[in-house]
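[1] got a predicted model here, sequence first, then my questions.
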Amino acid sequence: MGMRKVAVIGAGMTKFVRRAQETPKELSWEAAHMALESCEMTMDDIEAVCLGTAPDAFDGVHLNGEYLSDGAGAWRKPYMRSYVGGGTGVFVPIQGWYHIASGLFDVVMVVAEEKMSSYYPHAQAAFLTIFDHTTERPLKPNLLWIFALEMNRYMTTYGISKADIAQVAVQHKRNAADHPCALLGDANITLDDILNSEVLAWPVQRFDVSPVSDGAVAVILAAEHIAKRITDKPVWIEGVGWHLDTAYWTNRDLAYPRYVEYAARMAYDMAGIKEPRKEINIAEPYDPFDYKALHHLEGLQLAERGKAPELYSDGTASRTGNMPVCPSGGLLGVGNPIAAAGLMKIAELFWQLRGEAGARQVPGQPRRGLAQAWGDLMQVGTVVIMGR
Amino acid sequence: MQERVAIVGVGCTGFRSITPEQSYKEMVYEAAMRAYTDAGVDPRRDVESFVTVAEDFHEGTSIFDEYTPDQIGGALKPVHTITGDGLHGIATAYMLIRTGQFDIVAIEGHSKASNIKTLSEVTAYAQDPVLNRPLKLNSHFIAGLEMNRYLFETGTSHEHCAAVVVKNRYNALNNPFAPYGADLTIEDVLSGSMLSWPLGKRETAEHSDGAILMVLASEDKASYLTDKPIWILGAGWNNDSAALENRDWAHAIYAEEAARMAYRQAGINNPLEAIDIAEVDDTYAYKELQALEALGFCREGEAGILTVEGFTSPDSGLPVNVSGGSLGMGNLLEANGLARAYEIVLQLRGEAGARQVEDVNIGLAQSWRGVPSSSGAVLILAN
C-alpha cells in the first residue's frame, strides 16, 4: 500500500516586524485565523494542531508549547510541539505530514510562532545557553562568531569572495520589496551597501545577517479526499526529509552541510526525484546569513560544491531565472522569526505553485518547489518538497 | 501505510533521587544500550528514526535537541524532539511507522531533576507571563487549588487521596527500580506536613533521575525481532485550556478526550471490562483518582471509594500503578509517561517479577504534563 497523500490547502502569515505589540499567543492566533479563512474552514474542521517555536528562552516561558496551545487553536484537541532548533519551521509541516500520513487524522493545522523581541536587551543573548555547558559555555561563544567561522571556512575552501556572497543579500532583499509582510525589503539596495555595512565578526557584516523579528505563520494540511473537496488547487507534499548530525560540531567540516544533503536525499527519494536541478522549479533554501543560502543550495544538490554563487551571477536564481531562489525574499528580506521564518517558506511555495504570489509570482507556472531549513549547532537539515 | 506497530524493546536505568556519578548522556546511553540489546537491533544499522522528549528549561540548555543524537546512536539520522511527555513521544514514533516511511523508530526520555537547583521557580515559569506570573503562584499551590476543587465537586475525601499514597508506595516495595517504597498507613500520610492545603507533602511525588528508551517496529519487523511484541492498540493525546482562568478545575478533560481517542482506535467501549491493568498519573495522589474517573473506569466520585476498598490493588479488579507510580518511583519530568508504559510492557510480557499480575492482556498508560498544563496522553497496549 502506498503512502497517504497530504496536501497544503491554506496558509496565513502575520507581518514580520521588529517588535510586535501582540503577545506570542495573539501572534499565533492571527496566523491561524488567516490560514483558516484562506480555505474557508473553522476550528471545528481541525482535528489536530502541530506547533513549532524555537527556544523557550525567547518567550521566557517554561513549557512554551503548553503556553501557546490555546493561541494556536489547540483547545481540546490533540496537540504536539516539535523541535529541531532553527530547522523547526520546515520540520513542523513534516510533523503535520506524519500526523495525516499515519492515517490518524485528516485535517491538521500547523502553526509556527516566534517572538524574539521580548528577550532583553537582545535575542542573541539567549543563544549563549545553546552551547555545551561544560566544554563550550565557559568560552562565552556568540552565535555570530561560529557563523563567521563557518563562512570563513566556506570562502577559504572554494575561493569564494565577499562580493560573491553579498549578491545573495542584494537579490533576496530586493525580492522582499514585493512581500507585504517583509521587514527588510529594499528594491534599491546595492552590492556596495552590503559590503560597506558594519562588521560584526569578520567576515560577517550587518547586511549579511537576517534581522531579529517577531511573527507567526500557519498552514492547513489535509488528506487527499478532503483536499480535493476543499480546493481545486491543492499543493501536495511530495517529499519530506530531516537529518540531525552529532552535537560535536567542532568535529565537522564546516565547508559542506552533509546533514542537509542527507535530508534532501531522503526527500528526493520520497518524491521520486532523480535530477533535482531539472525537477525543482523554485528553491527556498534557508538564508539566515547570505552565505548559508549558497551553502544549502550545494547541500541540496542544486549546485556543485563551491559553485552556488554562479546561480546568482548568471541569473539562474533570480525571480525570472531558470530556478528562482527565495522569490519570497527569504529570511534576509522578509525577516527571521526563527520557526515562523521556516514555515513562511512553505507558505511561499503554496502561493507560488497556486499562482497566487502577486508581485512575487515566478513566471512559467512552476510545478515543483523545495523549502529547506537548518539549525541547532550547524547540525540539522529539514527539507519539504511540494508540487502541484 | 503500516497499520500495526509494536514495542519490541525497552531499556531503563532504574530511578534514584540523585545520580551524581552519571551525566544525563551517560544515563541515556545506558538505557539505550539495554533497549537495543532487548530488541536485538543495532542503532546505527537498524533504527531509522529517533524521537526524544525534553524541555529546554528542565535541561538548562536552549535548543536542547542539539544534544539528543549522540548517546542514542542517532547522529546523522532523522532525529527530532517533542516537547511533550513520553507518551506523546511514543505516539509520535507510532505515527512515523504508520506512514510507511520507517520500520524501526526509537523513543527516549529522561529526567535529571537532581541537577535543577531551582525546580520550583522553573516550573512556576510555565505560567502565563502577563496574567498569572505577577501573582507569584507556586506550582504546588495551583495543584492544591485543583485538588480542593476536585474534592469539593466529587465528594472525594482527603482519606481517599491518602489511600492512593499508601497503595502506591507499598507497591513500590516490590519494584527494584523504585526508590520511594514504604509501608505507610493513612494516618501517616495525613499527619505529614502541608504543602498547600489540602495537598500534603506526602501526597506529592518526590523527583527522581533516570532514563528510558523504547524501540518500536512495524508489524513485519516486529514479528521477526521478537516473540513478545507488545502491540499499540491505541494512542490518544489532548490539551485543555492552557490558561488558569478559564479551565475546568475539577475534571481532567484532557485525559477524558485523550482516552476517547485511544479507545476509539482500540475499539474499546467498556474500559473496565477491556483493560486488565492501568498505570496512571499520580504525581499528586488526587490525580490518580481524577484520572481513573476521566478514563471511564468508574463514575465521578467513585475512584476514592474503590481505592479504599482495594479495588485498585495489585490482586484486585483493576490493578492501578502496580509499579508504585510516580509516588513510588519518583516524578521523572518528561519521562513519566515512559515509566508508566514501561511497567505495562513488563506486565504484558510477564517479566514484572515479584509484582507480576496474573492474566493480563490489555494495559493502559496515562500521563499528565504537570502544573500548570492541562495536557496529557493515553496509550493502550496488548500482548
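    Yes, it's here. Computed from a predicted model, the values in this text were never measured in an experiment.
[2] not counting its neighbours along the chain, what's nearest residue 43?
    All of this is about chain A. Nearest non-adjacent residue to A:M43, counting by CB to CB, 6 or more residues apart in numbering or on different chains: A:G73, 5.3 Å away. The way it works is simple: take the backbone N, C-alpha and C, and place the C-beta from them, glycine included.
[3] wrong one, chain B
    Counting by CB to CB, 6+ apart, the residue nearest B:P43 is B:G73, at 3.0 Å.
[4] residues contacting that neighbour?
    For B:G73, the contacting residues are B:A32, B:Y36, B:P43, B:R44, B:V47, B:F50, by CB atoms under 8 Å, 6 or more residues apart in numbering or on different chains.
[5] using PDB, write out the CA atom coordinates for stretch B:348-360.
    The C-alpha trace of stretch B:348-360 is given here as PDB (Å, rounded to 0.1, in the frame of the first residue of the first chain):
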ATOM      1  CA  LEU B 348       2.200  -7.800  29.400                       C
ATOM      2  CA  ARG B 349       5.400  -9.700  28.700                       C
ATOM      3  CA  GLY B 350       5.200 -11.500  32.000                       C
ATOM      4  CA  GLU B 351       8.500 -10.100  33.100                       C
ATOM      5  CA  ALA B 352       7.500  -8.000  36.100                       C
ATOM      6  CA  GLY B 353       9.000 -10.300  38.700                       C
ATOM      7  CA  ALA B 354       7.600 -10.200  42.200                       C
ATOM      8  CA  ARG B 355       4.800  -7.800  41.200                       C
ATOM      9  CA  GLN B 356       3.600  -9.700  38.100                       C
ATOM     10  CA  VAL B 357      -0.200  -9.600  37.800                       C
ATOM     11  CA  GLU B 358      -1.800 -12.800  36.600                       C
ATOM     12  CA  ASP B 359      -3.700 -13.000  33.200                       C
ATOM     13  CA  VAL B 360      -3.000  -9.500  31.800                       C
END
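[6] tell me which residues of it are tucked away?
    B:L348, B:R349, B:A352, B:R355, B:V357, B:V360 (16 or more other CB atoms under 10 Å in any protein chain shown).
[7] and what of stretch A:266-285?
    Applying 16+ other CB under 10 Å to stretch A:266-285 flags A:266-268, A:270-271, A:273, A:276-277, A:279-285 as buried.
[8] and that stretch, how far from the chain's centre?
    Distance, stretch centre to chain centre, for stretch A:266-285: 17 Å (CA atoms, centre = their mean, to the nearest Å).
[9] end to end, how far does that stretch reach?
    Using CA to CA, to the nearest Å, one end of stretch A:266-285 lies 16 Å from the other.
[10] which phi and psi does B:G14 have?
    When read as degrees, to the nearest 10, the backbone of B:G14 gives phi 80, psi 170.
[11] now do A:P203
    Dihedral pair for A:P203: phi -90, psi 20, per degrees, to the nearest 10.
[12] pretty sure it contacts A:T156?
    No: contact between A:P203 and A:T156 fails when scored by CB atoms under 8 Å: they sit 10.0 Å apart.
[13] quick one: what helix or strand has the residue nearest to A:M43 in it?
    Following DSSP states H and E, there is no helix or strand that holds A:G73.
[14] list the contacts of it.
    A:S28, A:W29, A:A32, A:M43, A:I46, A:V49, A:M109, A:V111.
[15] what about the strands in the chain?
    Answering for chain A, as no chain was given. In chain A, the segments counted as strands under DSSP state E are A:6-13, A:48-52, A:79-83, A:107-115, A:199-201, A:204-205, A:214-223, A:235-244, A:282-284, A:368-375, A:380-387.
[16] that's the other chain; I wanted chain B
    B:5-12, B:49-53, B:79-82, B:104-112, B:194-196, B:199-200, B:209-218, B:230-239, B:277-279, B:362-368, B:375-382.
[17] so can I have a markdown table of these showing mean neighbour count?
    Listed next are these as a markdown table, based on neighbours: other CB atoms under 10 Å in any protein chain shown:
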| stretch | mean neighbour count |
| --- | --- |
| strand B:5-12 | 25 |
| strand B:49-53 | 28 |
| strand B:79-82 | 27 |
| strand B:104-112 | 28 |
| strand B:194-196 | 16 |
| strand B:199-200 | 24 |
| strand B:209-218 | 29 |
| strand B:230-239 | 25 |
| strand B:277-279 | 27 |
| strand B:362-368 | 28 |
| strand B:375-382 | 29 |
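[18] mind checking which of the ones you listed is nearest A:M3?
    Minimum separation from A:M3 across the strands of chain B (CB to CB) falls at strand B:209-218, 13.4 Å.
[19] and stretch A:262-276, how far out from the chain middle?
    That offset, for stretch A:262-276, works out to 18 Å (CA atoms, centre = their mean).
[20] could you count how many residues lie near A:T134?
    Neighbours of A:T134 under the rule other CB atoms under 10 Å in any protein chain shown: 8.
[21] next one: the one 5 residues further on
    Counted by other CB under 10 Å, the residues lying close to A:L139 total 10.
[22] which residues touch the least confident helix or strand in chain A by mean pLDDT?
    For chain A, the helix or strand with the lowest mean confidence is helix A:56-59, at a mean of 90 (criterion: mean pLDDT, DSSP states H and E). Contact with helix A:56-59 is made by A:24, A:53, A:62-64, A:67-68, A:114-116, A:118-119, A:123, A:126, A:129, A:338, B:55-57, B:62, B:129, as judged by CB under 8 Å, 6+ apart.
[23] got the CA positions of that helix in CSV?
    Extracted in CSV, the C-alpha atoms of helix A:56-59 (Å, rounded to 0.1, in the frame of the first residue of the first chain):
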residue,chain,number,x,y,z
ASP,A,56,11.7,28.6,25.2
ALA,A,57,14.1,31.3,26.2
PHE,A,58,12.7,33.8,23.7
ASP,A,59,9.2,33.9,25.1
